[in-house]
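Give the three-dimensional model of this entry:
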Amino acid sequence: MKLSDYIRGFRKGKEAHRLEKEAMRDPFLADALEGYSRVESGADEQIELLRRRVNMRTTQKRRHTIAWSVAASLLIGVCIGSYFLLQENTLPDEARIAMEEVSQLEPLSVQKEEKKEDLVATVRKDSATIQKGLITGNREKKVVVSPHTEVPQAMTQEWIDEALETTIAEEPLAATTSSAMKSIPANDSSLTAQVAVAGKVHGTVTDSNGYPIVGATVKLKGTNQGTISDVNGNFVLKTGGNRELAVDYIGYESVTLPADTTKSLLIAMNEDQATLDEVVVVGYGSQSKGSITGAVASLKMSGTPQPTIGRKAFRKYLKESLVHPSDKDCARAKGKVILTFRVDKEGRPQDITVKKGLCASADEEAIRLIEEGPDWTMGEEPVEISIRF
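Reported below is the predicted structural model:
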């Protein structure tokens, strides 16, 4: 029931009873009902009058808000326009002069045509024979003019061309060399196309298949001065004279060669089969087992069975497929998991056993790598695999 109905005298029924119960809980509503009950008549008119006054006040506030919004928008627009106008009027004198000079520049083709016409007029006026001088050392070419020799009209154009060629040839030797250097094509991904720099040796380190080796140590033999190859196998090293280079990388045979600064060196390294079993595969290059930190995959095999894809490819598979556990027990675990297994007639690992575990998740990850890995060659002896985390 509405409060207005109750005031008019409709005070029977459930709705009226509910309103009276609410008045018992709400002092404000109780005071309102008591006040209206004391008014003999005219309560509806008073309520309607109050409603109209409230609506009038609300409407006026809305109108004022809209008016102020429009005025503020206009003021902002005027301020922005004035700012740009003042910026344009306060340009420095140098900027205005530069703009006027640019607008007054003539096209390059017009200037070339005028120079050519001036050259034709000069040749016709002087009627001179232009002879090309010889360049000795860094001296410029000289033009010898015979003022008493008449020039046939038909040969004028030919002499003009020769004069233009002579002018081009008279450019300084340093400028020609600079242009030639700029015209050499560059290769962003390789240092082999760069011009040799005096006092520096540069080149690329690759394996026997031509793939770049990342992290190879390149140093001057007998010294501690050296560098390492980048992700493309490239390196640059300053030389203190005619020295020899020593190139080393774990799992590969060392290479020694002269430090030739006149050309780009291509150094191909061969695998060292004696140390392959002790190589630990990491994100960049390889490291010895004694200096490993972090989650890596290493491979050590004993026995006759071998991966059918080869040891190198198998180590690459371990590196790319290993997923370090993220649970609480193994998130920070470091060490290795040693597995042993046999190979069945179909070349698949069987009876995989954890010989040395690290934690539950790491052990499961190591077993997964072997189960989902490549086939193996047949053999009677068991295989031992070490997966390093």
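
what separates residue 65 from residue 58, distance-wise?
Counting by CB to CB, to the nearest Å, the gap from residue 65 to residue 58 is 11 Å. Using the backbone N, CA and C atoms, a C-beta is placed for each residue, glycine as well.

Residue 267 now?
87 Å.

more neighbours, these two?
Each of residue 267 and residue 58 has its neighbours counted (other CB atoms under 10 Å); residue 267 has more, 18 against 10.

in the helix or strand the more buried one falls within, what counts as buried?
Per DSSP states H and E, residue 267 falls inside strand 265-269. Applying a neighbour-count criterion of 16 or more other CB atoms under 10 Å, one finds 265, 267, 269 buried in strand 265-269.

who does it touch, helix- and strand-wise?
Packing partners of strand 265-269 (3 or more CB pairs under 8 Å, 6 or more residues apart in numbering; DSSP states H and E): strand 200-207, strand 244-248, strand 255-258.

So which of these is the most surrounded?
strand 200-207 (a mean of 21; mean count of other CB atoms under 10 Å).

Quick check: what element follows that strand along the chain?
Next in sequence after strand 200-207, counting helices and strands by DSSP H and E, comes strand 217-220.

Go through the next helix or strand after that following strand and flag the buried ones.
Next in sequence after strand 217-220, counting helices and strands by DSSP H and E, comes strand 226-228. For strand 226-228, the neighbour count (16+ other CB under 10 Å) marks 226, 228 as buried.

Run through the chain and note the low-pLDDT ranges.
1-2, 4, 7-11, 38-43, 60-63, 88-198, 241-242, 273-304 (pLDDT under 70).

How is it divided into domains?
What automatic domain parsing lists as the domains of the chain is 3-40, 110-174, 200-269, 278-388.

can you give me the helices for the chain?
For the chain, the helices defined by DSSP state H cover 3-8, 14-25, 27-38, 43-89, 93-104, 108-126, 156-169, 173-182, 311-321, 360-371.

tilt between the third one and helix 14-25?
Read it as helix 27-38. Counting by axes from the mean of the first three to the mean of the last three CA atoms, to 10 degrees, helix 27-38 lies at 120 degrees to helix 14-25.

buried set for helix 27-38?
Using 16+ other CB under 10 Å as the test for burial, helix 27-38 gives 33, 36.

Could you number the chain from 27 rather than 1 from now on?
Fine by me, first position is 27 from now on; the one you just mentioned is helix 53-64.

what packs against it?
Judged by 3+ CB pairs under 8 Å, 6+ apart, helix 53-64 is in contact with helix 29-34, helix 40-51.

again, 10 Å this time
For helix 53-64, the elements it packs on are helix 29-34, helix 40-51, helix 69-115, judged by 3 or more CB pairs under 10 Å, 6 or more residues apart in numbering; DSSP states H and E.

Residue 294 touches residue 281, doesn't it?
Yes. Contact criterion CB atoms under 10 Å: residue 294 and residue 281 qualify, at 8.1 Å.

Look up the residues that both of these two are in contact with.
Shared contacts of residue 294 and residue 281, defined by CB atoms under 10 Å, 6 or more residues apart in numbering, are found at residue 231.

Adding distance to residue 368, write the buried residues of strand 291-295 out as TSV.
What follows is the buried residues of strand 291-295, written out as TSV (distance: CB to CB, whole Å):
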residue	distance to residue 368
291	47
293	42
295	35
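
out of those, which one sits closest to residue 101?
residue 291 (71.8 Å; CB to CB).

Just list whatever residues bridge to the closest one.
Beta bridges link residue 291 to residue 229, judged by DSSP bridges.

Provide a list of residues in contact with it.
By CB under 10 Å, 6+ apart, the contact set of residue 291 is 218, 227-231, 244, 261, 271, 273, 283-285.

May I ask which two of those are separated the most?
218 and 284 (17.6 Å).

Mind listing residues that contact stretch 394-405?
Contacts for stretch 394-405 (CB under 10 Å, 6+ apart): 323, 327, 329-336, 339-340, 343-344, 347-349, 363, 365, 367-375, 378, 409, 411, 413.

Restricting to C-alpha, output that stretch in PDB.
Output of stretch 394-405 as PDB, limited to C-alpha atoms (Å, rounded to 0.1, in the frame of the first residue of the first chain):
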ATOM      1  CA  ARG A 394      58.600 -39.800 -19.900                       C
ATOM      2  CA  LEU A 395      61.600 -38.500 -21.900                       C
ATOM      3  CA  ILE A 396      62.800 -42.100 -22.400                       C
ATOM      4  CA  GLU A 397      59.300 -43.600 -23.100                       C
ATOM      5  CA  GLU A 398      58.500 -40.900 -25.700                       C
ATOM      6  CA  GLY A 399      62.000 -40.700 -27.100                       C
ATOM      7  CA  PRO A 400      63.400 -42.400 -30.300                       C
ATOM      8  CA  ASP A 401      64.100 -46.000 -30.900                       C
ATOM      9  CA  TRP A 402      67.300 -47.800 -29.900                       C
ATOM     10  CA  THR A 403      69.500 -50.300 -31.500                       C
ATOM     11  CA  MET A 404      69.300 -53.900 -30.200                       C
ATOM     12  CA  GLY A 405      71.800 -55.100 -27.600                       C
END
